[in-house]
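Novice: Okay, predicted coordinates and the sequence, questions at the end:
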Amino acid sequence: MTQTPVTYLDFTLGGERVHDLVACCLGYESDDISALHDGWPDGAIESIERLLGLADPDLPDGRTSIYVCPECGDLGCGAVTARVRFTETTVEWRDLGFQDENFPEITPILDGGAPLSVRFDRASYEEHLERELERFRELAVGWVHPRTVAARRRRRERLARWRAALRRPGR
């Protein structure tokens, strides 16, 4: 089995990748990634807007996805999620856990027996995410999701077969 490498933007806290912190608490390296990568500019925009509090969380229980499936980003594959809370000076991802949209139970990611939470300086957090939001908005101009491209190609091929069948002699 081979895997295609996926480059994505990660979050750091005190110089440490949050993904590594999650892996340390889990005891293994998860293959989930943040939705902030150039291959999904539309998903990155939606994710950043949620992380900035500009859009509603993507799960019905009020939690926001932090790390998602590297193949599709679909919450049905499971995701590391958190409750995003803002104060005047901080942004906190509280009670990180693993969940998917099909099951309401959350498996907490524990740090020393307590649910893992991480806190960021709000000004720095917002500055970085707002800069990335603009970059992803520029990337999204004219971008079409690969599944949409494939669906359009299949539709053209299907129509061509129909047209060819309708032009056959004896019809």
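Specialist: That came through, no problem.

Novice: Which residue comes closest to residue 100 once chain neighbours are left out?
Specialist: Closest residue to residue 100 apart from its sequence neighbours, by Cβ to Cβ, 6 or more residues apart in numbering: residue 78 at 4.3 Å. C-beta: built from backbone N, CA, C; applies to glycine.

Novice: For the one you found, report the pLDDT, please.
Specialist: Confidence at residue 78, expressed as pLDDT, is 88.

Novice: Just give me the longest strand of this protein.
Specialist: Of all segments of type strand in the chain, defined using DSSP state E, the longest is strand 90-100.

Novice: Now find how far off-centre whichever helix or strand comes after that one is within its chain.
Specialist: Counting by DSSP states H and E, the element after strand 90-100 in chain order, helix or strand, is strand 103-108. Distance of strand 103-108 from the chain centroid (Cα atoms, centre = their mean, to the nearest Å) equals 18 Å.

Novice: Roughly how far does residue 110 sit from residue 33?
Specialist: Residue 110 is 22 Å from residue 33, where distance means Cβ to Cβ, to the nearest Å.

Novice: circling back: burial count for the residue nearest to residue 100?
Specialist: Residues lying near residue 78 (other Cβ atoms under 10 Å) number 20.

Novice: From residue 86, how far off is it?
Specialist: The span separating residue 78 from residue 86 equals 26 Å under the rule Cβ to Cβ.

Novice: I'd guessed the residue nearest to residue 100 sits against residue 69; true?
Specialist: Yes - using Cβ atoms under 8 Å, residue 78 makes contact with residue 69 at a distance of 6.9 Å.

Novice: helix or strand for residue 131, which one?
Specialist: helix 122-140.

Novice: buried residues in that helix?
Specialist: 125-126, 129, 132-133, 135-136, 139 (16 or more other Cβ atoms under 10 Å).
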